[in-house]
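Asker: okay, sequence plus prediction incoming.
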Amino acid sequence: MNLDFTQIVPYIPFILKGIWVTLKFVVFSIIFGFVLGTILALFKISRNKALNFLGDAYTSIFRGTPLILQLMLIYFAIPQLTGYDISPFLSSILAFGLNSSAYVSEIIRAGIQAVDKGQTEAAQALGVPYRLMMKDLILPQALKNILPALMNEFITLTKESAIVSTIGYLDLMRRAQVVGADTYRNFEPLIFVGLIYWILVMGLTLAGKRVERRMKFSD
């Protein structure tokens, strides 16, 4: 076995910068996905059939097609159709945010429907407006129940973020490819970046478990 990690030592600072680059677009994507996913979840539980259909159709499309296809369509189709030269960073946020919102909407919908219906009926009997009931009563309880699932979605986005290397975004994976092309040694930088991904995922997993324990303790 011909392994020589000393060859990539000069490139380690370059690779490590990819951690922030990767997490930056992942954080923006999860925020975007959470906001849009919440709206879609409300569409799905609405009594308006048109909103129900819109929410279900959106989820079907984005859960039923590959994420890399969605990324490519956004990155290549937007310039062709609109003339706007969209950046890899913005393309990544849009693709991951739109895709994540489909999954988050299902998570939030299930969380809302898991809240005791008696509380909804009591709020309606007291004349509490629907918007306030959702904001102050239902959603806070639902979020406690769905926190583990949301953390899993965040972890999944972090792992799948390597896909953005296909459009030239200088994330961790793309930097490993650059180093491999420069040194003619691809295995070592990929192993090093794989270790970084593993540390990130393990860190997020432990943080999620800690937050979950604290919320259970607060109950």
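Answerer: Structure's in. What do you need? Numbering: from 1, shown residues only.

Asker: could you point out where the protein is predicted with low confidence?
Answerer: Residues of the chain meeting the criterion pLDDT under 70: 1, 120, 130, 215-219.

Asker: again, 90 this time
Answerer: Under the criterion pLDDT under 90, the flagged ranges of the chain are 1-7, 42, 45-48, 82-84, 108-154, 168, 184-185, 204-219.

Asker: can you give me the helices in it?
Answerer: Across the chain, reading from the start of the chain, the helices by DSSP state H fall at 12-45, 49-64, 67-72, 78-82, 88-114, 117-125, 130-133, 139-160, 172-183, 187-218.

Asker: turn these into JSON lines, including mean neighbour count and distance to residue 2.
Answerer: To be clear about C-beta, it is placed using only N, CA and C from the backbone, and glycine gets the same treatment. Compiled in JSON lines, the helices of the chain are given as follows (neighbours: other CB atoms under 10 Å; distance: least, CB to CB, whole Å):
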{"stretch": "helix 12-45", "mean neighbour count": "18", "distance to residue 2": "20"}
{"stretch": "helix 49-64", "mean neighbour count": "14", "distance to residue 2": "43"}
{"stretch": "helix 67-72", "mean neighbour count": "17", "distance to residue 2": "32"}
{"stretch": "helix 78-82", "mean neighbour count": "11", "distance to residue 2": "43"}
{"stretch": "helix 88-114", "mean neighbour count": "21", "distance to residue 2": "34"}
{"stretch": "helix 117-125", "mean neighbour count": "12", "distance to residue 2": "64"}
{"stretch": "helix 130-133", "mean neighbour count": "12", "distance to residue 2": "64"}
{"stretch": "helix 139-160", "mean neighbour count": "17", "distance to residue 2": "29"}
{"stretch": "helix 172-183", "mean neighbour count": "20", "distance to residue 2": "13"}
{"stretch": "helix 187-218", "mean neighbour count": "14", "distance to residue 2": "9"}
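
Asker: could I get the ones you listed as a markdown table with distance to residue 6?
Answerer: Formatted as a markdown table, the helices of the chain follow (distance: least, CB to CB, whole Å):
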| stretch | distance to residue 6 |
| --- | --- |
| helix 12-45 | 11 |
| helix 49-64 | 44 |
| helix 67-72 | 34 |
| helix 78-82 | 42 |
| helix 88-114 | 31 |
| helix 117-125 | 62 |
| helix 130-133 | 61 |
| helix 139-160 | 28 |
| helix 172-183 | 11 |
| helix 187-218 | 9 |
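
Asker: among those helices, which is nearest residue 3?
Answerer: Comparing the helices of the chain by their distance to residue 3 (CB to CB), the top pick is helix 187-218, with 6.5 Å.

Asker: and the angle from the closest one to helix 12-45?
Answerer: Here helix 187-218 runs at an angle of 50 degrees relative to helix 12-45 (axes from the mean of the first three to the mean of the last three CA atoms, to 10 degrees).

Asker: what's helix 187-218 packed up against?
Answerer: In terms of contacts (3 or more CB pairs under 8 Å, 6 or more residues apart in numbering; DSSP states H and E), helix 187-218 is packed against helix 12-45, helix 139-160, helix 172-183.

Asker: what residues does the nearest residue to residue 151 once chain neighbours are set aside make contact with?
Answerer: Closest residue in space to residue 151, ignoring its immediate chain neighbours: residue 208 at 3.4 Å, by CB to CB, 6 or more residues apart in numbering. With contacts defined as CB atoms under 8 Å, 6 or more residues apart in numbering, residue 208 is in contact with 147, 148, 151, 152, 154, 155.
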